[in-house]
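S.K.: Here is my input; please provide its structure:
(chains A and B)
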Amino acid sequence: GAGVSQTPSNKVTEKGKYVELRCDPISGHTALYWYRQSLGQGPEFLIYFQGTGAADDSGLPNDRFFAVRPEGSVSTLKIQRTERGDSAVYLCASSLMGGQGARNEQFFGPGTRLTVL
Amino acid sequence: AQSVTQLDSQVPVFEEAPVELRCNYSSSVSVYLFWYVQYPNQGLQLLLKYLSGSTLVKGINGFEAEFNKSQTSFHLRKPSVHISDTAEYFCAVSDYGSSYKLIFGSGTRLLVRP
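M.R.: Predicted structure coming up:
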C-alpha cells in the first residue's frame, strides 16, 4: 500500500514569505507527527496529532509555526514570516495509534526540503 | 530532558567486515529505544526497536542491537556489511511518559568500501 507522502518535495522561498507543507499519512493511521531535520542533525520533534487534535505541540519553535489536521487525515504545517534559520527538511510520520506498542511504528515520509533565501 | 549521543559521525568499513555503531542516551528512566536507517533521498526506515523483554534485539537486514541499562547504551551491530548498507543511521529514544515523541541522535554515516 501507499506510504506517507509529502508535498512539495522541495520548496524555495524568500525570507518573510508564508509557506505550507502538506503531509498525507498512511490510510487509517490516527497518529501523525512532524519533525524537522537540520543539516547534519537528527530529526527534532515538532508536533503530534491524535486524530484531529494536537496532543503535543511542545516542539514548535515559536508562534510562526502552526499545524492543522482538520479531518484527522491530511496535515498541513504552516510557517509564517519565514527566516533563513527555518531552512531544513521537514519530515512527517504516521502510526496506527499513539504510543510505542508493537503496532505503533512510526512510518516516515521522504520529507520536504525547505530553503529560505 | 532526554538526549541521545552518537559519538561517531562517520564510520568507514570494508565490505564483509563487522561494524558497530555506538549510541548512548542520557537518562536511566524507563525508555524505548530505536535504530532507523536513512538512504539518500528516502524517508527514515525502522531497523529495530527495544520495547521490553530480551536485551538483544534483532532487526532487518541482519542488524542487531543490545540494550545495556547500566551503561545507558544501545549499540548497533552487524557481523558482515554490504555495499548496500551505506547510509545514515539514527538512534532514537522515547520515554514511557511521552512515548510518541522520538528523540534522535545526530546520526552516523556508515560508508562501506569494496
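
S.K.: And the closest residue in space to B:Ser94 that isn't next to it in sequence, how close does it get to B:Asn61?
M.R.: Spatial nearest neighbour of B:Ser94, chain neighbours left out: B:Tyr32 (4.9 Å); criterion: Cβ to Cβ, 6 or more residues apart in numbering or on different chains. For every residue, glycine as well, the C-beta is placed using N, CA and C. B:Tyr32 is 21 Å from B:Asn61, where distance means Cβ to Cβ, to the nearest Å.

S.K.: between the two, which one's more packed in?
M.R.: Higher neighbour count among B:Tyr32 and B:Asn61: B:Tyr32, with 20 against 13, using other Cβ atoms under 10 Å in any protein chain shown.

S.K.: Test my guess that A:Trp34 contacts A:Val89.
M.R.: No. Look at A:Trp34 against A:Val89 with Cβ atoms under 8 Å: they stay out of range, at 11.4 Å.

S.K.: In chain A, which residue sits nearest chain B?
M.R.: Nearest residue of chain A to chain B: A:Gly42, at 3.1 Å (Cβ to the nearest Cβ).

S.K.: Double-check that that residue belongs to a helix.
M.R.: No. If the criterion is DSSP: H, G, I helix; E, B strand; the rest coil, then A:Gly42 is coil and not within a helix.

S.K.: which residues does B:Thr72 contact?
M.R.: Shown in contact with B:Thr72 (Cβ atoms under 8 Å, 6 or more residues apart in numbering or on different chains): B:24-28.

S.K.: From the residues you listed, which land in strands?
M.R.: B:24-25 (DSSP state E).

S.K.: and the contacts of B:Thr72, which are buried?
M.R.: Those of the contacts of B:Thr72 that meet the buried threshold are B:24-25, by 16 or more other Cβ atoms under 10 Å in any protein chain shown.

S.K.: Closest one to chain A out of the contacts of B:Thr72, please.
M.R.: Nearest to chain A among the contacts of B:Thr72: B:Tyr25, at 12.5 Å, using Cβ to the nearest Cβ.

S.K.: In chain B, which residue sits closest to chain A?
M.R.: Across chain B, the shortest distance to chain A (Cβ to the nearest Cβ) belongs to B:Phe104, at 3.1 Å.

S.K.: related to what we said a few turns ago, I'd like the contacts of B:Thr72 as TSV, with distance to A:Arg113 and pLDDT appended.
M.R.: Shown next, in TSV, are those (distance: Cβ to Cβ, whole Å; pLDDT from 0 to 100):
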residue	distance to A:Arg113	pLDDT
B:Asn24	30	96
B:Tyr25	28	94
B:Ser26	30	90
B:Ser27	32	76
B:Ser28	37	62
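
S.K.: Within reach of chain A, which of the contacts of B:Thr72 are there?
M.R.: Contacts with chain A are made by none of the contacts of B:Thr72, judged by Cβ under 8 Å from any Cβ of the partner chain.

S.K.: Many thanks, have a good one.
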